[in-house]
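Novice: Quick one, what's the 3D model for this:
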Amino acid sequence: MPLVVHNTRTRTKELFEPITPGRVGMYVCGPTVYDEPHLGHARAALAFDVIRRTLEYLGNRVTYVQNITDVDDKILNRAAEEGVSPWEIAERYTRLYEEEMRRLGVRAPSITPKATGHITDMVELIAQLLDAGFAYTVDGGDVYFAVEKLASYGSLSGRSLEDMRAGERVEPDARKHHPMDFALWKGSKEWQVSWPAPWGPGRPGWHIECSAMSMRYLGETFDIHGGGQDLLFPHHENECAQSSAVTGKPLARYWLHNGFVTINDEKMSKSLKNYVSVADVLADHSPPVIRTALVMPHYRSQVDLSPEVLSDARAVWERFAAFARSANDVLGTSEPGPVDEAWRQRFTAAMEDDFNTPEAFAVLHELLGEANQLVAKGGEALSALFTTFRELTAVLGLDPIGDWPEGPARARVAPLVDYLLQLREEARSQRDFKRADAIRDVLTGAGVVVEDGPNGARWYPADPWK
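Specialist: Presented below is the predicted three-dimensional model:
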């Protein structure tokens, strides 16, 4: 079946038809780098990593652009609190974000533009909005977008100006023509960073950054714009307004939004004191378990990262990894078998239905039910299912062999464990089972799983990423 996606703009599933067949341009809003990455950042990054992998699996060449917002009030405030430059704050948390997403198996975007590297593009875009009458300057050097000038404003989020005004807490500003007008440019204060512009020095507003960077790399209209549901209004609505006001065209053909992360059924937020950073959860759970927990649910659904959900994700990952180890041991260096087309088609059908990962996981569990019965026999049938399993799990970023081969722990402890297993084997050959069991107990206590088989003992870390 052809790929269908849920388009937020139309609130329906639509046939996905890229502007250029076989090529997809996708822009996803990245982080504002002023603090540690949290699970909301991870959810968005993983959701669109799977979407990107799926598009490529279906034969498309994807240009994936994800920005870094490295100038913002939050960055300036954090820098003032710490007594350091804003650039130090931005660089520190950019590196941390990229490293933690890498640990979760997120592939680097094709292009990662930073806002500060595209100020000229933003100034030019604001100038065009001023010339076209969609923006105005006010005292203090600020520039605002005039929402009443654009008849389509609110169409993406499905909200009228009256609804927006009633539902949003907007600080009154007598300089604005309408309360919902938003800043394109913020005039500089003495202590703040600034760039020159025809209307006065200052810095860009948040929304104009993404309009300028997305169009700079993907053109006036591109295929997919993505981000979290929390960005739909006002950020994405304002992006749409700015861009279409200048070009007269839609910014993106398809708008995709991933669901929230909740903690024990409450939306994660600092005010509720249930804010969880990626580092916090990585301290207790391995990266593939976190990835599994966040990609098993449908990308548009809410994810409640409770202990039960993480436990279920660990069980799923361990089942995947156990089969991969067993099949790999049995098949050894033999040539990979052909992909089983029936399983491939079932998995592909699930992912072509708006990236339906719950159904895709169900297909994989069925495949494993059949494949595990063949492990003891080996042969071509097992080889074909193992090849199929690896191909399909790679679409989810969960191939235990390719995406998560061992983790750093195995390399660190391998010489010692191999030596202890050699001593254990010698003890068993001498029928000194008490000593052999004692060695195994030591390994188990150190987090090493030992499995005895017809070809001898094999081992692996209980948690390879610690």
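Novice: Burial check on the closest residue to Asn258 other than its chain neighbours, number of neighbours?
Specialist: With Cβ to Cβ, 6 or more residues apart in numbering as the criterion, Asn258 has its nearest non-adjacent residue at 4.0 Å, and that residue is Ala47. Where you see a C-beta, it was placed from the backbone N, CA and C, and this is true even at glycine. Residues contacting Ala47 under the criterion other Cβ atoms under 10 Å number 27.
Novice: The one 3 residues further on too?
Specialist: Applying the criterion other Cβ under 10 Å, we find 23 residues in the vicinity of Val50.
Novice: In this structure it contacts Thr393, no?
Specialist: No - with contact defined as Cβ atoms under 8 Å, Val50 does not reach Thr393; the gap is 11.4 Å.
Novice: quick one on the thing from earlier: what's the average pLDDT for the strand or helix carrying the residue nearest to Asn258?
Specialist: Element membership for Ala47 (DSSP states H and E) is helix 39-57. Along helix 39-57, the predicted confidence averages to a pLDDT of 98.
Novice: Can we start the residue count at 19 from this point?
Specialist: I'll keep to 19 as the first residue from here, and by that count the last item is helix 57-75.
Novice: Show me what the mean pLDDT comes to for the helix or strand following that helix.
Specialist: Remark: after helix 57-75, the chain's next helix or strand is strand 79-84, criterion DSSP H and E. The average pLDDT within strand 79-84 is 98.
Novice: in which helix or strand would I find the nearest residue to Gly237 once chain neighbours are set aside?
Specialist: Residue nearest to Gly237 in three dimensions, not counting chain neighbours: Gly43, with 7.0 Å by Cβ to Cβ, 6+ apart. In this assignment (DSSP H and E), Gly43 forms part of strand 41-46.
Novice: Return that strand as CSV; C-alpha atoms alone will do.
Specialist: Extracted C-alpha coordinates of strand 41-46, given in CSV (Å, rounded to 0.1, in the frame of the first residue of the first chain):
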residue,chain,number,x,y,z
ARG,A,41,13.2,12.9,-2.7
VAL,A,42,11.9,14.2,0.6
GLY,A,43,12.7,17.5,2.3
MET,A,44,12.0,17.4,6.0
TYR,A,45,12.4,20.2,8.6
VAL,A,46,12.0,19.5,12.3
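Novice: which strands and helices sit next to it?
Specialist: helix 57-75, strand 79-84, helix 224-236, strand 240-246 (3 or more Cβ pairs under 8 Å, 6 or more residues apart in numbering; DSSP states H and E).
Novice: Could you tell me the angle between the shortest one and helix 224-236?
Specialist: Inter-element angle recorded for strand 79-84 and helix 224-236: 160 degrees (by axes from the mean of the first three to the mean of the last three Cα atoms, to 10 degrees).
Novice: Any chance you could list what contacts whichever helix or strand comes after strand 79-84?
Specialist: The first helix or strand that comes after strand 79-84 along the chain, using DSSP H and E, is helix 91-100. With contact meaning Cβ atoms under 8 Å, 6 or more residues apart in numbering, helix 91-100 is reached by Thr50, Val51, Tyr52, Asp53, Ser103, Pro104, Glu106, Ile107, Ala108, Gln210, Val211.
Novice: Now rank the residues you listed by neighbours and give me the top one.
Specialist: Of the contacts of helix 91-100, with other Cβ under 10 Å as the count, Val51 tops at 27 neighbours.
Novice: Show me the one of the helices and strands packed on strand 41-46 that comes nearest Pro433.
Specialist: Minimum separation from Pro433 across the helices and strands packed on strand 41-46 (Cβ to Cβ) falls at helix 57-75, 34.1 Å.
Novice: Can I get that closest one in CSV, CA atoms only?
Specialist: Output in CSV follows, covering the C-alpha atoms of helix 57-75 (Å, rounded to 0.1, in the frame of the first residue of the first chain):
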residue,chain,number,x,y,z
LEU,A,57,12.6,13.4,27.6
GLY,A,58,10.4,15.7,25.4
HIS,A,59,13.4,16.4,23.3
ALA,A,60,14.2,12.7,23.1
ARG,A,61,10.6,11.8,22.1
ALA,A,62,10.7,14.3,19.2
ALA,A,63,14.1,13.3,18.0
LEU,A,64,13.3,9.6,18.1
ALA,A,65,9.9,10.0,16.5
PHE,A,66,11.3,11.8,13.5
ASP,A,67,14.4,9.5,13.4
VAL,A,68,12.0,6.6,12.8
ILE,A,69,10.0,8.6,10.3
ARG,A,70,13.2,9.4,8.4
ARG,A,71,14.4,5.8,8.5
THR,A,72,11.0,4.7,7.2
LEU,A,73,11.1,7.2,4.3
GLU,A,74,14.5,6.0,3.3
TYR,A,75,13.5,2.3,3.7
